[in-house]
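Visitor: can't give you the sequence, but here's the structure:
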């Protein structure tokens, strides 16, 4: 079983330096892993990332057309489109999902525990009421990492993934230490 406690301390900002030092030491001491992924462009050690920056939202809280902007697959960030947003809302098969404090702690604990079990390096994690940010190093592709986090969190939250989370999420590759530091900073300090 995953969560061993529901209490989790937030990493203070001054601890960021230890993440950075750890990341630099990791990068210097360990050659990049060969990542197993279906994407043939990312199979050699020269292009293997040092980490992934994963983001996913809860179901129905950030629809296509959203007034905050939205991301079209392959098309980048799009301008708000209220007509599209209403059309997407009308297609929803259930209510929007907003995580309460206990659910947020559960997701936090599940992600941390899953990283421990898999031997992945968790650089940063922030579970919000309507989305989750994770910065992680893993020896498999980001889509699989994202799918595992969502599936295990859903099991512990007691709802199937398709009723809890949006269909996919953002899976950014991090190839440079500076980008890793920026993703960690964003996740821990700018939410």
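Guide: Perfect, I can see it now. This one's a predicted model, so the numbers in the text were calculated from it and none came from an experiment.
Visitor: and stretch 175-182, which residues are buried?
Guide: Burial within stretch 175-182, assessed by neighbour count using 16 or more other CB atoms under 10 Å, is assigned to 177, 179, 180, 181. Using the backbone N, CA and C atoms, a C-beta is placed for each residue, glycine as well.
Visitor: would you reformat the residues you listed as TSV and include distance to residue 147, secondary structure and pLDDT?
Guide: Below are these laid out as TSV (distance: CB to CB, whole Å; DSSP: H, G, I helix; E, B strand; the rest coil; pLDDT from 0 to 100):
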residue	distance to residue 147	secondary structure	pLDDT
177	27	helix	96
179	23	helix	97
180	22	helix	97
181	26	helix	97
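Visitor: tell me the SS of the most centrally placed residue in the chain?
Guide: The chain has residue 54 as the residue nearest its centroid, 2.9 Å off, counting by CA atoms, centre = their mean. Going by DSSP: H, G, I helix; E, B strand; the rest coil, the secondary structure assigned to residue 54 is strand.
Visitor: hang on, isn't it packed against residue 145?
Guide: Yes. With contacts defined as CB atoms under 8 Å, residue 54 counts as touching residue 145 at a distance of 6.6 Å.
Visitor: what residues are shared contacts of those two?
Guide: 136, 171 (CB atoms under 8 Å, 6 or more residues apart in numbering).
Visitor: which element, helix or strand, includes residue 74?
Guide: In the assignment (DSSP states H and E), residue 74 maps to no helix and no strand.
Visitor: do you know how far it is from residue 98?
Guide: 29 Å (CB to CB, to the nearest Å).
Visitor: ok, the two, which is more surrounded?
Guide: Per other CB atoms under 10 Å, whichever of residue 74 and residue 98 has more neighbours is residue 98, with 13 against 5.
Visitor: part of a helix, is the more buried one?
Guide: No. Assigned with three-state DSSP, residue 98 falls outside any helix and is coil.
Visitor: so for it, what's the nearest residue that isn't a sequence neighbour?
Guide: residue 129 (5.1 Å; CB to CB, 6 or more residues apart in numbering).
Visitor: wait, that neighbour touches residue 102, no?
Guide: No. Residue 129 is not in contact with residue 102 according to CB under 8 Å; the separation is 11.9 Å.
Visitor: grab the longest helix from the chain for me.
Guide: helix 101-118 (DSSP state H).
Visitor: distance of the closest residue to residue 128 other than its chain neighbours from residue 151?
Guide: For residue 128, ignoring the flanking residues on the chain, the nearest one in space by CB to CB, 6+ apart is residue 191 at 6.3 Å. Distance, residue 191 to residue 151, by CB to CB: 24 Å.
Visitor: give me the more crowded residue out of the two.
Guide: residue 151 (15 against 10).
Visitor: so that one, which of the three states?
Guide: helix.
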